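Asker: Predicted model and sequence follow; I will ask about them next.
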Amino acid sequence: MSLKSAVFEIKTSIINQQQGHSEEAFVQKLEAKNNLTAGKLIFYYNNLLMFHLNNPETSTSSSDETKKVNRKWTKNEVEFMFHYILERQEEGGLNITEILEEVAQLLDRGYQSVNYKYYSQIKAKEKKAKATKQPGYQFTTISQEQLPVKSTEVIANVPAPEVNEGAVVTHQPKAQTVFHGNPADSDDLLDILSGLITNVQQLPGLNLNELLRSLYQLTNMALQNQDAVKQLENVKSEINFEKQALQEKLLYQERQLDEEKKRNDELQAEVAKLAKEISAFNKLEDTAKIQNLKTYNQRLNYLIDNFGVVLQVGS
């Protein structure tokens, strides 16, 4: 058994009013019969019952010939369609045409209406997703909480203990030497790093390993940002190149249009000359027309424009 059988049995029972006194018991029995999880058919029962009540004309239709009604789609019908299609596909139904036909029967609609609604909804979702998707470049940053050192604690100078007469003076341990040299005074990278490490180790609240690791991460982020900037510049360069190519194409087409217009004007001038010749010939007396008929016939037979094109205008 399957979801399809269960849902169609629900629709038949609603039409024939055979679900009995307890709809819940009817649905649970149907779920057990078709090996479906508990509560799976509640959605279908409620929606099919609502569709049936909202369309009283379908209650009189027979099970053999269900009346297809041309009516406006509701939000619940669209949700029902996609919900049913998804669960049928999860169940193993891979033929979308057959599933859409099942939806048409369940909703008392024509197949073409269901097919058009389904694919128009899919196309609208894809168009919306494509419109909202913007190409971007990720710039990596580091938050303040990830900084290796937020502040350093200043240790106040501790005064030397007073020494009374006759007291035994104990020698204090010698303080560690601090690298006070200016790194700019040395060109040796090892000397600079040695002085840095010596000073950092003697500062309270600083972890040398964490500091160096954080510096390494910052340099990686800087390289990533640099690559993103280069990609952005390349995209801008391509856009400018395409824009320039389109401008050149537009200028070329404008020049062609001007040339065609010029040729058309010249051709119009030649036609005007021809019309003038015909008008002059018509004004001649009959005797003069007969005398000049051969000459005018040759002039009217062909019109030769400035481009060498021969246009036959008379016989």
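Answerer: Thanks, I have it. This structure is a prediction, so every number in the text was calculated from the model and none was measured. Numbering: from 1, shown residues only.

Asker: neighbours around Ile15, how many?
Answerer: Other residues near Ile15 number 18, with proximity taken as other Cβ atoms under 10 Å. C-beta here means a position set from N, CA and C on the backbone, and glycine is covered the same way.

Asker: you'd agree it is up against His52?
Answerer: Yes: with contact taken as Cβ atoms under 8 Å, Ile15 and His52 are classed as touching, separated by 6.9 Å.

Asker: ok, now which ones touch Leu257?
Answerer: Shown here is Leu257, which makes no contacts under the criterion Cβ atoms under 8 Å, 6 or more residues apart in numbering.

Asker: Can you say which helix or strand has it in it?
Answerer: Mapping Leu257 onto the secondary structure by DSSP states H and E places it in helix 208-282.

Asker: Can you give the distance from that helix to the centre of its chain?
Answerer: A distance of 25 Å separates the centroid of the chain from that of helix 208-282, by Cα atoms, centre = their mean, to the nearest Å.

Asker: One more: stretch 11-18?
Answerer: The gap between where stretch 11-18 is centred and where its chain is centred comes out at 45 Å by Cα atoms, centre = their mean.

Asker: what ranges do the helices span in the stretch 1-150 of the chain?
Answerer: In the stretch 1-150 of the chain, the segments counted as helices under DSSP state H, counting those that start in this stretch are 3-16, 23-33, 42-54, 75-91, 96-107, 111-132.

Asker: Using neighbour counts, pick out the buried residues of the fifth one.
Answerer: Translated: helix 96-107. For helix 96-107, the neighbour count (16 or more other Cβ atoms under 10 Å) marks Ile99, Leu100, Glu102, Val103, Ala104, Leu106, Leu107 as buried.

Asker: list the helices and strands it packs on?
Answerer: Under the contact criterion of 3 or more Cβ pairs under 8 Å, 6 or more residues apart in numbering; DSSP states H and E, helix 96-107 touches helix 3-16, helix 75-91, helix 111-132.

Asker: of all these, which gets the most neighbours per residue?
Answerer: For the helices and strands packed on helix 96-107, average neighbour numbers computed from mean count of other Cβ atoms under 10 Å are highest in helix 3-16, which has a mean of 18.

Asker: what pLDDT, on average, does that one get?
Answerer: Helix 3-16 shows an average pLDDT of 89 in the prediction.

Asker: do stretch 86-97 as well
Answerer: 88.

Asker: What lies in contact with that stretch?
Answerer: Around stretch 86-97, the neighbours that count as contacts under Cβ under 8 Å, 6+ apart are Ser2, Leu3, Lys4, Lys40, Ile85, Ile99, Glu102.

Asker: Give the closest residue to the third one in space, chain neighbours not counted.
Answerer: What it means is Lys4. Using Cβ to Cβ, 6 or more residues apart in numbering and skipping the chain neighbours, the partner closest in space to Lys4 is Glu102 (6.2 Å).

Asker: gap between that neighbour and Glu259?
Answerer: When distances are taken as Cβ to Cβ, to the nearest Å, Glu102 and Glu259 turn out to be 63 Å apart.

Asker: of the contacts of stretch 86-97, closest to Ala131?
Answerer: Of all the contacts of stretch 86-97, Ala131 sits closest to Ile85, with 24.3 Å by Cβ to Cβ.

Asker: Could you verify my assumption that the residue nearest to Lys4 touches Ser2?
Answerer: No: using Cβ under 8 Å, Glu102 is not in contact with Ser2, being 10.9 Å away.

Asker: So which bits of stretch 213-232 are buried?
Answerer: By 16+ other Cβ under 10 Å, the buried positions in stretch 213-232 come out as Ser214.

Asker: could you dump the buried residues of helix 96-107 to CSV with distance to Ser214?
Answerer: Compiled in CSV, the buried residues of helix 96-107 are given as follows (distance: Cβ to Cβ, whole Å):
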residue, distance to Ser214
Ile99, 56
Leu100, 58
Glu102, 61
Val103, 58
Ala104, 63
Leu106, 62
Leu107, 61
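
Asker: ok, these vs Ile239, which is closest?
Answerer: The shortest separation between Ile239 and any of the buried residues of helix 96-107 is 42.5 Å, and it belongs to Leu100 (by Cβ to Cβ).

Asker: what's near enough to touch that closest one?
Answerer: The contact partners of Leu100, by Cβ under 8 Å, 6+ apart, come to Ile85, Tyr111, Val114, Asn115, Tyr118.

Asker: so what pLDDT did the fourth one get?
Answerer: What it means is Asn115. pLDDT recorded at Asn115 is 94.

Asker: Equivalent analysis for Gln268, please.
Answerer: pLDDT recorded at Gln268 is 85.
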